[in-house]
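Q: structure here, sequence nowhere to be found:
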């Protein structure tokens, strides 16, 4: 059996530690790149929405400012029945990402969560990430091209009256829905 001098064992140990440090550093860089890619994707979507809104205004010769909504559901009742078709994209978000998008919105956010307890629970979750939700108003919504809806979809047991936080076993699933195209009116 060959024995190595102590300094060679120490040198091999240092090399192993340096390799582990390199792997950790590369992993952190990979995570940062993933966050940068997600941010760039979000920016591209925002620019696409602005471009679509500008095209729509030019084509229809009317001004319809893009609206940003906060809602707890997405329904066909939110579209104009006279429109021939409505297309949208849906992206799942974390609560933090939803709050970040809402904070960065250059448009006034319209809170259309109809149930007061749901609105309170959603506002509480957003507040954890530094966003103060506007007051909820139960009003009809008709989505137009370029509109964005941040959907806080509650799943779980029925909310107890006066709830301010999620009960055990409940969660809110966040989505960012962008109305990408509206054609119409439909031919009857």
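A: On my side now, so go ahead. Since the structure is predicted, the reported quantities are computational estimates derived from the model, not experimental observations.

Q: surely residue 147 is in contact with residue 78?
A: No: here residue 147 does not reach residue 78: they are 9.1 Å apart, not a contact under CB atoms under 8 Å. Where you see a C-beta, it was placed from the backbone N, CA and C, and this is true even at glycine.

Q: comparing those two, which residue is more hemmed in?
A: Neighbour comparison, residue 147 and residue 78: the larger count goes to residue 147, with 25 against 19 (by other CB atoms under 10 Å).

Q: now that one: phi and psi?
A: Residue 147 adopts backbone torsions of phi -70, psi 150, taken as degrees, to the nearest 10.

Q: for this protein, which spans come out with low pLDDT?
A: 1-4, 36, 39-65, 186-188 (pLDDT under 70).

Q: which stretches in it count as helices?
A: 6-60, 95-104, 116-127 (DSSP state H).

Q: burial measure for the nearest residue to residue 115 once chain neighbours are set aside, as a count.
A: Distances taken as CB to CB, 6 or more residues apart in numbering place residue 72 nearest to residue 115, at 7.0 Å, with adjacent residues excluded. For residue 72, the neighbour count with other CB under 10 Å is 19.

Q: I figured residue 72 hits residue 159, correct?
A: No: here residue 72 lies out of contact with residue 159, judged by CB under 8 Å, at a distance of 10.8 Å.

Q: need the residues touching each of these two.
A: 115, 118 (CB atoms under 8 Å, 6 or more residues apart in numbering).

Q: what's near enough to touch residue 74?
A: Applying CB under 8 Å, 6+ apart, the residues contacting residue 74 are 149, 151, 175, 177.

Q: stretch 157-173: which residues count as buried?
A: Within stretch 157-173, the residues scored as buried using 16 or more other CB atoms under 10 Å are 159, 163, 166, 172.

Q: I'd guessed the first one sits against residue 118; true?
A: So that's residue 159. Yes: Residue 159 lies in contact with residue 118 (CB under 8 Å); the separation is 6.4 Å.

Q: how close does residue 9 sit to residue 16?
A: 11 Å (CB to CB, to the nearest Å).

Q: count the neighbours of residue 95 for me.
A: The burial count for residue 95: 18, using other CB under 10 Å.

Q: where's it relative to residue 173, distance?
A: Taking CB to CB, one finds residue 95 at 9 Å from residue 173.

Q: any common contacting residues for those two?
A: Joint contacts of residue 95 and residue 173 (CB under 8 Å, 6+ apart) do not exist.
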